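**Q** give the three-dimensional model of this entry:
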Amino acid sequence: MNNNRNFLVYGAATASFGYIFSIATGSIGMLLFIASWLLNFRDLNFKNLLKWNNLFILTLFFLIFLLGIFYSINIVQGQKDIIRHLPFLIFPLIFITIKPFLKKERLLIVKIFIHSLSIFFCICLITAIIRQIGFWHRGGIFNWYYFYRYDFLEIFNQHPTYLSMFTLLSIGFLLFSKSQLLLSKVLFYLTILIQTLALILYGSRIGYILLFLIILIHFFKNLLSKEETNRIRYVLIYSIGLSILFLISFNIPIVKERFLYTIGYKYDYKFNNKEFIKHNSPEELGRLLLWQDAADLIKENPFLGYGTGATRDVLLQKYKKEDHTLFLEKRFNAHNSYLELLLSGGIILLISYLAILLVLFLKSVRKKDYVLFSFALIITITSITESLFIAQGILFISFFYCFFLIKINE
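**A** Here you go, the predicted structure:
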């Protein structure tokens, strides 16, 4: 590879892990990828833009989203949202016009992506240990909160669910592309261990569900390939492994607290704020009330929505009207990508997003690509509980959609 091509590969790798370290690294990663694309201008083929490509579905989504600015009640915010969604336009342009990445180039990008997530976790872990040591020096006891969710991710100011999405895809690469990655056994199992522990400590409930589903897919994939005499042993090993993972997780007080809180049981961990628990508002019990507020608004304008950038405004008005104080104070979005799309651009925008998901699932089934299927599963299920159309989610969806679908036949 020449230097310009190397720069392109490393630019793509930097864009892949993007926002996990900060908003700045996400922007820098995308800018590096654009700069490397421009440096390779002699090898660009713009004629490819004249042929149908599944990446155009991302562009279609962006164009529909752009049209929403013309009837938005908040044009200023709409302009900001459009700028944030530019990866849906930029990444397809880059991936369609460059020479497709070769196998060794793709593997290098994937390896950098995987190792970046391990480095991220290790930095967070070291920081948590240092904080705990400081707490001991002040006469405190062991505080699990230093090692869990927002406290654990405080150094990078990250959200547990979005970080879990990146980590889940990394685990998908490790499980389903193990032979291609050519990692030593020690490095492979160490990385799996680190990133599984990371998911547990990130504390995303949807992340737990997706980890179980990906492991289940991996289990059945391998079970079918085993000889009948080895299947019983394989089932036992897998069952024991999952049981150990569950027992370890459930014996971490903060993980147990989150699990029990999810099913409505207020677990009294010694570092809980008892006054907060005692005076919880009804909204704190779950997202159903939040979704009901969004659904009521959608019924009033289902076809076009309220325009690009207007979603937060109409939701805040609804929260105020319904006296949902917690939602209003925290300025919550709908915490559901499908509802957010309906609020923003109506049924048309939602259909364009569903088309993106449909293409991913169809391609993964047709190619028997389990990593791609995992990616589609991660986006589809996480969209139920989170609005993915913030910086981290937009970059994750747009980059890997292009990365997977431009893969050449090898």
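
**Q** so where's this structure shaky on pLDDT?
**A** 1, 226-229, 258-286, 408-410 (pLDDT under 70).

**Q** for it, which helix is longest?
**A** Longest helix of the chain, by residue count under DSSP state H: helix 103-137.

**Q** so what does that one touch, helix or strand wise?
**A** helix 3-17, helix 149-152, helix 160-176, helix 178-181, helix 185-202 (3 or more Cβ pairs under 8 Å, 6 or more residues apart in numbering; DSSP states H and E). Quick note: C-beta positions are derived from backbone N, CA and C, even for glycine.

**Q** is Q158 in a helix, a strand, or coil?
**A** coil (DSSP: H, G, I helix; E, B strand; the rest coil).

**Q** give me the buried positions along the longest helix of the chain.
**A** By neighbour count on 16 or more other Cβ atoms under 10 Å, the buried set for helix 103-137 is 105-110, 112-118, 120-121, 124-125, 127-128, 131-132.

**Q** stretch 50-59 now?
**A** For stretch 50-59, by 16+ other Cβ under 10 Å, it's N53, N54, L55, I57, L58, T59.

**Q** which members of these occur in helices, if any?
**A** Using DSSP H, the buried residues of stretch 50-59 in helices are I57, L58, T59.

**Q** list just the nearest of those residues to H335.
**A** Nearest to H335 among those is L58, at 23.3 Å by Cβ to Cβ.

**Q** can you tell me which residues contact L360?
**A** By Cβ atoms under 8 Å, 6 or more residues apart in numbering, L360 lies in contact with L372, F375, A376, I379, Y401, F404, L405.

**Q** wait, V9
**A** M1, F101, E105, L108, I109.

**Q** before we move on, what about C402?
**A** The contact partners of C402, by Cβ under 8 Å, 6+ apart, come to L55, L58, F91, P92, I94, F95.

**Q** redo that, cut-off 10 Å
**A** Taking Cβ atoms under 10 Å, 6 or more residues apart in numbering as the criterion, C402 is in contact with 12, 53-55, 58, 87-88, 90-96.

**Q** can you tell me the SS state at I141?
**A** What three-state DSSP gives for I141 is coil.

**Q** format the contacts of V9 as JSON lines; extra columns: distance to T25.
**A** Formatted as JSON lines, these follow (distance: Cβ to Cβ, whole Å):
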{"residue": "M1", "distance to T25": "24"}
{"residue": "F101", "distance to T25": "21"}
{"residue": "E105", "distance to T25": "21"}
{"residue": "L108", "distance to T25": "19"}
{"residue": "I109", "distance to T25": "16"}
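
**Q** so which of the helices and strands packed on helix 103-137 gets nearest D81?
**A** For these, proximity to D81 was assessed by Cβ to Cβ; helix 160-176 is nearest, at 17.3 Å.

**Q** distance between the helix or strand hosting F65 and the chain's centre?
**A** Element membership for F65 (DSSP states H and E) is helix 56-67. Computed by Cα atoms, centre = their mean, to the nearest Å, the chain-centroid distance of helix 56-67 equals 21 Å.

**Q** for it, packing partners?
**A** helix 75-84, helix 87-97, helix 337-367, helix 391-405 (3 or more Cβ pairs under 10 Å, 6 or more residues apart in numbering; DSSP states H and E).

**Q** reformat these into JSON lines and put distance to L224 next to each item.
**A** As requested, these are exported to JSON lines (distance: least, Cβ to Cβ, whole Å):
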{"stretch": "helix 75-84", "distance to L224": "42"}
{"stretch": "helix 87-97", "distance to L224": "33"}
{"stretch": "helix 337-367", "distance to L224": "15"}
{"stretch": "helix 391-405", "distance to L224": "23"}
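
**Q** of all the ones you listed, which lies closest to A35?
**A** Distance to A35, taken as Cβ to Cβ, is lowest for helix 87-97 among the helices and strands packed on helix 56-67, at 10.9 Å.

**Q** and the helices in the stretch 201-350 of the chain?
**A** In the stretch 201-350 of the chain, the segments counted as helices under DSSP state H, counting those that start in this stretch are 205-225, 228-250, 253-262, 274-278, 288-300, 311-322, 325-330, 337-367.
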